[in-house]
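K.L.:
Structure for the following, please:
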Amino acid sequence: MNTVHEAAVTATAPAMGQSAFHESAIAQVQGTAQYVDDIPEVRGTLYAAPILSRVAHGQLHGVDAGKALTQPGVRGVVLAADIPGDPILAAFGHDEPIFALGSVQHVGQVIGLVVADSVMGARRAARLVEADITPLPAILDVHQAHQAQSYVQPPVHVRRGDAAAALAAAPHRLQGSLEVGGQEHFYLEGQIAYALPMEQEQWWIYSSSQHPGEVQHWVAHALGIGNHAVTVACRRMGGGFGGKETQSGHLAVWATLAARKFNAPVKLRLDRDDDFMVTGKRHPFAYAWDVGFDATGRITGLQLEMLANCGFSADLSGPVADRAIFHADNAYFLSDVAISSYRCKLHTQSHTAFRGFGGPQGVIVIETIMGDIARSLGLDALAVRRCNYYDADPAAARDMTHYQMRVEDNILLPITQKLEQSARYQQRLAAISAWNADNPVIQRGIALTPVKFGISFTATLFNQAGALVHVYTDGTVQVNHGGTEMGQGLHTKVAQIVADELGVPLAQVKVTASDTSKVPNASATAASSGTDLNGRAAQYAARSVRDNLAAFVGGLDQCGAGAVSFAGGLVHSPKGQRAFADVVQAAYANRIQLWSDGFYRTPKIHYDKTTLTGRPFYYFAYGVACTEVAIDTLTGESKVLAIDVLYDAGRSINPAIDIGQVEGGFIQGMGWLTTEELVWNDQGLLTTHAPSTYKIPATGDVPEHFKVALYEEPNREDNVGGSKAVGEPPFMLAVSVYEALRHAIGSHRAKQGNGNAPVRLQAPATAEHVLQALQTPEIQA
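P.N.:
Residues are numbered from 1 along each chain as shown. Got it, this is the predicted structure:
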């Protein structure tokens, strides 16, 4: 794997564009970086553990906590009757109870809490609580849910042109289906909340959350008090990946209800098994399609059905399924298309946000279709993909998405050509063909796949952010913004942006904990928009202070404020230069404001959620990946041999952090499609609920050849620093692993005379699923 060496950030060089260390890196290495469980506990702190349903669906008659209450150190239980406010969580769907009410909807649903003097005491006692449940029939299969019209939200249909007529007239036509599994977030720091009662019915909540503002709202709603009485803080998370966007709110509400009942601070931290059993995952999807195409592989018509397994409540399933629709085109123009999306209700955990937020579930199906078309025509899959690309020339009339957004920043062709050459795709494809012909057991495959990912929250109202910048009299700077740090480097990038805006060394800027009492109503740190939104808001706040200082210096030197500049820790004017700290001290003495707020809302975006049309995204981020794999046709085992990635980060604010995000996102996507299999049994029990049975990629799964490069072109939209988002899009580049596996399987089947038949490979591509795909279509049927 290539490595990126940290460049020293000098006092005079601009901070943006340099590979500065992550702001917490040294503290993390030393073990001094605080996470919620590291915060010194207040005297009298109690500990809570969840009481979980052991039944997938049933009528809840009551709870017998007698055995639990006899255990040493147990203080009591917290149930639905102890909720002073609304017993339903303040989620968008308003369909999920805080504690089970009258019925249970999945194995692992939280019925209540046991509160004790110790963590283990609470957990042991919680397992002694007996729930009186009458089992009811459970829906555990997405097709069964669809047949029963069991939905958490109404179906959505998006159409352009006449797909049926286009299919009828198509020279070639294929039908297919695909099942793609979910994914556990597997953050290193599990879900945790620490609730402290304060004076006058106020609350302080430490929460490992991507959305402290929502946690604040949920807690206040459950207590029946105003948001202003609840403060939520989060310095950092040990990973989030979307799993702490809504799910963290549950723990905060539960811990606060326990703290209210026992009038004491309460900490609730799920152990890993309970975390698996309680929290939602990436949405599993099932697809069926009918596609028409010409002799070059260009799609002429497509009908696509998507079944989203949402679990028992809506959570964020609506926007997740919407984004899957938005990304069902990926990089390809679809002239006549009809997409039907069904948001299915099952008796499992309520699935939630996960890196890509439905985008991966849209991308994989169209890439599968591209691979099938190429195989049926005997063409190179890259050639088929390329002939379906959006055209950058408006005159070609192939630049409008199926949701009526024009693709104005299209770099698909040049970025593909660059990686095709640097990765030596054509030469490696020929070498792999020769290898496969000579080797009966080990077969190799290669694929080069693109991504075009829309950047913005699809819900337009969330595309806003606020920040505070404080300049102190010694010239140091403190920044607070509404985003949260989960290891992705957001605070580092925001500090770099502010440092350059004020012209000071990066070391003079500190970013403090996310805190609802400082920046209110902040959106979740999600949708890859953390730096776009919060970085720009912080830049505006810093600019306001800088303008105050420039006007002050202009008055001193009798020049316009525009003639005053800030760089290298100095303030320059036509009459000379001064140290930034000296200017700040003089400004303070003259009662000049040295702090400011900043607010930013994303321009240009608009979206009609009833028709799913408009411009939901500010811009697109692009990327391409070329992956080579090998499979053992006797065992189904597979190995990734080489990965080459070229990613469009715009003008990178921090190349080291961006490349790290690309690497991490790709490997996480590779896990989703190869090893991370979630298995529920016929009783609705998640049987893969620990590292012993659920396998995330490890260092041995990363090939020695793993090259990541950044495509050097500034964002064509006016984004902060000319940068582009980097959090989610690289995840979908791992579809190249899946397509390379299908290429290897197809090569083996070609020797059996089935080379043109579709390769039906269920994801994740475990050894079992690879073996199934290696069988002939007749055997599969």
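K.L.:
tell me the strands in the stretch 451-600 of the chain, going along the chain?
P.N.:
Secondary structure of the stretch 451-600 of the chain, counting by DSSP state E, counting those that start in this stretch: strands at 464-471, 477-481, 509-511, 514-515, 565-567, 570-573, 576-579, 595-601.
K.L.:
Next: the stretch 151-300 of the chain.
P.N.:
Counting by DSSP E, counting those that start in this stretch, the stretch 151-300 of the chain has strands at residues 151-160, 172-180, 192-197, 203-207, 230-234, 266-269, 285-293, 299-309.
K.L.:
In its sheet, which strands sit next to the fifth one, and in what direction?
P.N.:
Okay, so that is strand 230-234. Applying DSSP bridges to the sheet, strand 230-234 is found paired with strand 203-207 (parallel), strand 514-515 (antiparallel).
K.L.:
same question, the longest one
P.N.:
Pairing partners of strand 299-309, with direction, according to DSSP bridges: strand 285-293 (antiparallel), strand 337-344 (parallel).
K.L.:
Surely S150 and K345 touch.
P.N.:
Yes. Look at S150 against K345 with CB atoms under 8 Å: they come within range, at 4.5 Å. Yep, even glycine has a C-beta here, placed from its N, CA and C like the rest.
K.L.:
who touches both of the two?
P.N.:
Each of I139 lies in contact with both S150 and K345 under the rule CB atoms under 8 Å, 6 or more residues apart in numbering.
K.L.:
More neighbours: which of these two?
P.N.:
K345 (24 against 17; other CB atoms under 10 Å).
K.L.:
Return the distance of the more buried one relative to P440.
P.N.:
Here the criterion is CB to CB, to the nearest Å. By it, K345 lies 47 Å from P440.
K.L.:
can you check A587 too?
P.N.:
In terms of CB to CB, A587 sits 78 Å off from P440.
K.L.:
what's the answer for I643, then?
P.N.:
Counting by CB to CB, the gap from I643 to P440 is 26 Å.
K.L.:
try E663
P.N.:
Going from E663 to P440 by CB to CB gives 35 Å.
K.L.:
between those two, which one's more packed in?
P.N.:
More crowded of E663 and P440, by other CB under 10 Å: E663, with 20 against 11.
K.L.:
how about that one, secondary structure?
P.N.:
Three-state call for E663 (DSSP: H, G, I helix; E, B strand; the rest coil): helix.
K.L.:
Name the helix or strand for T416, please.
P.N.:
Take DSSP states H and E as the rule and T416 turns out to sit in helix 412-422.
K.L.:
I'd like to know which helix or strand in the protein has the lowest mean pLDDT.
P.N.:
Every helix and strand of the chain was ranked by mean pLDDT, DSSP states H and E. The lowest is helix 777-780, at a mean of 50.
K.L.:
now for the lengthiest helix in the chain, which elements pack on it?
P.N.:
For the chain, the longest helix by residue count, based on DSSP state H, is helix 536-557. Here helix 536-557 touches strand 464-471, strand 477-481, helix 490-502, strand 565-567, strand 570-573, helix 580-589, strand 595-601, going by 3 or more CB pairs under 8 Å, 6 or more residues apart in numbering; DSSP states H and E.
K.L.:
what about stretch 758-769, average pLDDT?
P.N.:
For stretch 758-769, mean pLDDT rounds to 97.
K.L.:
List the buried residues of that stretch.
P.N.:
Under the neighbour-count criterion of 16 or more other CB atoms under 10 Å, stretch 758-769 has 758-766, 769 buried.
K.L.:
can you check stretch 398-408 too?
P.N.:
Going by neighbour count (16+ other CB under 10 Å), the buried part of stretch 398-408 is 398-403, 405, 407.
K.L.:
Could you find which two of the residues you listed are furthest from each other?
P.N.:
Within these, two members stand farthest from each other by CB to CB: R398 and Y403, at 15.2 Å.
K.L.:
What ranges does the stretch 601-750 of the chain have for its strands?
P.N.:
Counting by DSSP E, counting those that start in this stretch, one finds strands in the stretch 601-750 of the chain at the ranges 606-608, 613-615, 619-632, 638-647, 705-710.
K.L.:
For the fourth one, which helices and strands make contact with it?
P.N.:
Spelled out, it's strand 638-647. Counting by 3+ CB pairs under 8 Å, 6+ apart, strand 638-647 packs on helix 412-422, strand 619-632, helix 655-674, strand 705-710, helix 729-732, helix 735-750.
K.L.:
check which helix or strand covers the spatially closest residue to H748 that is not a sequence neighbour.
P.N.:
In space, and not counting its chain neighbours, H748 is closest to Q443: 4.7 Å by CB to CB, 6 or more residues apart in numbering. Taking DSSP H and E as the definition, Q443 sits inside strand 442-455.
K.L.:
what lines up beside the helix or strand harbouring V114 in the sheet?
P.N.:
V114 belongs to strand 110-116 when assigned by DSSP H and E. Sheet pairing of strand 110-116 (DSSP bridges) gives strand 46-52 (antiparallel), strand 74-78 (antiparallel).
K.L.:
immediately after that strand, which helix or strand?
P.N.:
helix 119-126.
K.L.:
how far off strand 46-52 does that following helix point, in degrees?
P.N.:
Note on geometry: by axes from the mean of the first three to the mean of the last three CA atoms, to 10 degrees, helix 119-126 and strand 46-52 are set 30 degrees apart in direction.
K.L.:
Quick one: distance of helix 119-126 to the chain centre.
P.N.:
Computed by CA atoms, centre = their mean, to the nearest Å, the chain-centroid distance of helix 119-126 equals 32 Å.
K.L.:
For V365, I want the exact helix or strand it lies within.
P.N.:
Counting by DSSP H and E, the element that carries V365 is helix 359-377.
K.L.:
now that helix against strand 442-455, angle please.
P.N.:
130 degrees.
K.L.:
right, and the helix or strand after helix 359-377?
P.N.:
For helix 359-377, the following helix or strand on the C-terminal side (DSSP H and E) is helix 381-388.
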